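1. Have a look at this prediction, sequence included:
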Amino acid sequence: MSLRVMASRHSAFYSPLIATLARGFPASYSVLQPGQRSQDLIREGAVDIMQSAVSSNWGPMDRGESPLPVHFALINRRDGFFLAGREFDKPFTWKDLEGASLLADHGGQPFAMLRYAAHFNDVDWGKVSVLDRGTPEEMIEAFGRGEGDFIHLQAPGPQILEEEGIGWTRVSVGASMPDVAFSTLCCSRGFTQTPRFTEFLEAYRQSREWVRAVDPREVAVIEKSYFPGVSEDALAEAVSRYQRLGTWSGDIEITEDLYQQALNVFEHAGTLRTRHPRSAVCL
């Protein structure tokens, strides 16, 4: 029977997961919709495997919710967002954000990581004019109308702006801060005991290794049906940038150091009540 796989976000950043399906593993693919919660869908048996983050467990754990998903594999060991600006060749430093306006993704984890990267690079956050324009698509539309000096997007968003000649990638957020357990795969603890889990995990491991080493054009070719309206060139460049950043390097284990760095980010954001141990969240 085909597995039911859901992503909390859809982006080239999650190519190791998308490629697992695009290379032939039998599974349906959908994206989390507003109002849905990954832990509820897994608890109710509506989804088998979810692309999420270790941070998604901490709030529910504080509230005593149970059972919660177990996170079993790493997708990304770096933040996958970029800052794009309006000038093609102007050198960038993080201090350039001070006194400027920034269209920022206000999703819980992306925004926490952005603020941490700014802090890590000595930016006075109070001097940044931070704009919330909703979804990435709405942010891109606002940037195209002239709002914001900079915009905060996952790939292939910056590549789309570059093709249209209205924005240029200035810096990688992930390369500007320590490696971190950013995106993971999770499921119910019961599902980890099934043969289908073992089959999926091995297919995923192989696809992640393939995605980080193969020519980016090959990834773009097999994934292009998942990105309607995005050119193959933009998708290949997005994959190439993530490869060069080492986003998918290393094994799929959610290691203690990456987990602790995720805790550090949310502690800085002021949203962390408890430093829950890795053993309570990860397989």
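-> Okay, I see it. Numbering: from 1, shown residues only.
2. Break down this protein into its strands, ranges please.
-> With strands called from DSSP state E, the chain shows them at 3-7, 27-31, 49-52, 70-76, 81-85, 101-103, 129-131, 150-154, 168-172, 183-187.
3. tell me how far the longest helix along the chain is from the chain's mean position?
-> Secondary structure of the chain per DSSP state H: the longest helix is helix 195-213. Taking CA atoms, centre = their mean, to the nearest Å, the mean C-alpha location of helix 195-213 is offset from the chain mean by 18 Å.
4. what's that helix packed up against?
-> Using 3 or more CB pairs under 8 Å, 6 or more residues apart in numbering; DSSP states H and E, the elements in contact with helix 195-213 are helix 15-22, strand 70-76, helix 232-245. C-beta: built from backbone N, CA, C; applies to glycine.
5. can you do 6 Å?
-> helix 15-22 (3 or more CB pairs under 6 Å, 6 or more residues apart in numbering; DSSP states H and E).
6. Can you add mean neighbour count and give the strands of the chain back as TSV?
-> Shown next, in TSV, are the strands of the chain (neighbours: other CB atoms under 10 Å):
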stretch	mean neighbour count
strand 3-7	20
strand 27-31	14
strand 49-52	26
strand 70-76	24
strand 81-85	25
strand 101-103	20
strand 129-131	17
strand 150-154	25
strand 168-172	20
strand 183-187	27
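7. and residue 95, which of those strands is closest to it?
-> Distance to residue 95, taken as CB to CB, is lowest for strand 168-172 among those, at 11.6 Å.
8. circling back: average pLDDT for the longest helix of the chain, rounded please.
-> Helix 195-213 shows a mean pLDDT of 98.
9. Just the angle for it relative to strand 70-76, thanks.
-> 20 degrees (axes from the mean of the first three to the mean of the last three CA atoms, to 10 degrees).
10. List the buried residues for helix 195-213?
-> Of the residues in helix 195-213, those buried by neighbour count under the rule 16 or more other CB atoms under 10 Å are 197, 200, 201, 203, 204, 207, 208, 210, 211, 212.
11. Can you pull the domain assignment for this structure?
-> The record's domain parsing of the chain by automatic domain parsing lists 3-77+180-280, 81-176.
12. mind checking the end-to-end distance for the shortest one?
-> Separation of the first and last residues of domain 81-176 by CA to CA, to the nearest Å is 11 Å.
13. can you give me the offset of that domain from its chain's centre?
-> Distance of domain 81-176 from the chain centroid (CA atoms, centre = their mean) equals 15 Å.
14. Could you do stretch 228-241 as well?
-> 16 Å.
15. Okay, buried residues for that stretch please.
-> Residues 230, 234, 235, 236, 237, 238, 239, 240, 241 are the ones in stretch 228-241 that count as buried (16+ other CB under 10 Å).
16. The second one touches residue 156, doesn't it?
-> In this case it means residue 234. Yes: with contact defined as CB atoms under 6 Å, residue 234 and residue 156 form a contacting pair (4.8 Å).
17. Just the CA atoms of stretch 271-283, as PDB, please.
-> Output of stretch 271-283 as PDB, limited to C-alpha atoms (Å, rounded to 0.1, in the frame of the first residue of the first chain):
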ATOM      1  CA  THR A 271       9.700  30.900  23.000                       C
ATOM      2  CA  LEU A 272      11.400  27.900  24.800                       C
ATOM      3  CA  ARG A 273      10.000  26.900  28.200                       C
ATOM      4  CA  THR A 274      11.900  23.600  28.600                       C
ATOM      5  CA  ARG A 275      15.100  22.200  27.100                       C
ATOM      6  CA  HIS A 276      13.500  18.800  26.400                       C
ATOM      7  CA  PRO A 277      16.100  16.100  26.000                       C
ATOM      8  CA  ARG A 278      16.800  14.600  22.600                       C
ATOM      9  CA  SER A 279      15.700  11.100  23.800                       C
ATOM     10  CA  ALA A 280      12.200  12.400  24.400                       C
ATOM     11  CA  VAL A 281      11.800  13.700  20.900                       C
ATOM     12  CA  CYS A 282      14.000  11.600  18.600                       C
ATOM     13  CA  LEU A 283      14.400   7.900  17.700                       C
END
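18. Contacts for that stretch next, please.
-> Residues outside stretch 271-283 that contact it (CB atoms under 6 Å, 6 or more residues apart in numbering): 54, 57-58, 61-62, 70-72, 254, 256, 259, 263, 266.
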